[in-house]
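Chemist: Could you look at this predicted model? Sequence included:
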Amino acid sequence: NKVYSAAIAKTQKIWTAYLDSIMKVGQMQILRRQITNELNYSCRFDSKHLAAALENLNKAILADIEAHYQNPSLPYPKEDNTLLYEITAYLEAAGIHNPLNKIYITTKRLPYFPTVNFLFLISQFPKLQYNRNLGIV
């Protein structure tokens, strides 16, 4: 019985530490999203023509790349072409990107990581509440 209670206590410590880590990452993601929205709003307010030009250039480049993948005979930007790198810098400065899709670091695959995250999420569901005033539809 002592072994069982010690195992439960240790598991609760691990879940608490894991929760703290997940909360910090979530808060950073929310901050990144808010900063991007503020940059986008400021760009549209200060220079609507620049924002429109960047969006159209981005859509055109993405359409060309998508067309290349559908038909490989169509051209694709070369490695020494700096257009994609330069436009990315402008898009990020103008807030015309999704910061949640950007990968900053990579790690090796952990074999049971999705399962652990699923179990963690299930264990935290009873603590969550939906607030209609804060909810995004």
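Modeler: Good, I have the coordinates.
Chemist: So which other helices or strands are in contact with the top helix by length along the chain?
Modeler: Taking DSSP state H as the criterion, the chain has its longest helix at helix 2-46. Under the contact criterion of 3 or more CB pairs under 8 Å, 6 or more residues apart in numbering; DSSP states H and E, helix 2-46 touches helix 48-70, helix 83-94, helix 113-124. C-beta here means a position set from N, CA and C on the backbone, and glycine is covered the same way.
Chemist: So which of the ones you listed is nearest Gln12?
Modeler: Distances from Gln12 to each of the helices and strands packed on helix 2-46 were compared using CB to CB; the shortest belongs to helix 113-124, at 10.3 Å.
Chemist: now that closest one, how far from the chain's geometric center?
Modeler: Relative to the centre of its chain, helix 113-124 is centred 19 Å away, using CA atoms, centre = their mean, to the nearest Å.
Chemist: How about stretch 16-35?
Modeler: Centroid displacement of stretch 16-35 relative to its chain, using CA atoms, centre = their mean, is 11 Å.
Chemist: go on, stretch 121-136?
Modeler: Counting by CA atoms, centre = their mean, stretch 121-136 is centred 20 Å from the centre of its parent chain.
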